[in-house]
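Chemist: sequence and predicted structure below; questions after.
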Amino acid sequence: MTINEIVEENRELEQRYARALNTIAALERKIAKLQRKNEQLRNENKKLRKLNNILYRAMEIAVQIKDYDAQTRHLKAVLQKLRETGEFKG
């Protein structure tokens, strides 16, 4: 191998190394973005689970109430309270 060939090969390796570093940096940015999104989804899921538990419990209580109008008032009151606290936007 001549010196010129070695220099050229070294240049090519440096270019490949630079591209690899750029790829790594881009992937790290994507990973950070996905981690932020994952955390947002985790928090949203936690809120939805809490809301689901509240609504499920409200329905369990409503089923125990014999009077239909009282059941309706109970469920409406629960939904109103959730709307007031901003937990339910339905």
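Modeler: That came in fine, so what should we check first? Numbering: from 1, shown residues only.
Chemist: when you work out contacts or count neighbours from here on, use the C-alpha atoms and nothing else.
Modeler: Will do.
Chemist: which other helices and strands does the helix or strand hosting K50 contact?
Modeler: K50 is part of helix 3-64 when elements are defined by DSSP states H and E. Under the contact criterion of 3 or more Cα pairs under 8 Å, 6 or more residues apart in numbering; DSSP states H and E, helix 3-64 touches helix 68-85.
Chemist: packing partners for the helix it packs on?
Modeler: helix 3-64.
Chemist: the lowest-mean-pLDDT helix or strand in the chain vs helix 3-64, what angle?
Modeler: Lowest on mean pLDDT, DSSP states H and E among the helices and strands of the chain sits helix 68-85, with a mean of 91. Inter-element angle recorded for helix 68-85 and helix 3-64: 150 degrees (by axes from the mean of the first three to the mean of the last three Cα atoms, to 10 degrees).
Chemist: check which residues of helix 68-85 are buried.
Modeler: By 16 or more other Cα atoms under 10 Å, the buried positions in helix 68-85 come out as Q71, H74, L75, V78, L79, L82.
Chemist: what's the closest non-adjacent residue to the fourth one?
Modeler: Right, V78. Spatially, and ignoring its direct neighbours in sequence, V78 is nearest to A58 (7.0 Å; Cα to Cα, 6 or more residues apart in numbering).
Chemist: same check, this time on the first one
Modeler: Nearest-residue entry for Q71: A62, 4.9 Å, with adjacent residues in sequence omitted and distances by Cα to Cα, 6+ apart.
Chemist: burial count for that neighbour?
Modeler: Residue neighbour count, defined by other Cα atoms under 10 Å, stands at 18 for A62.
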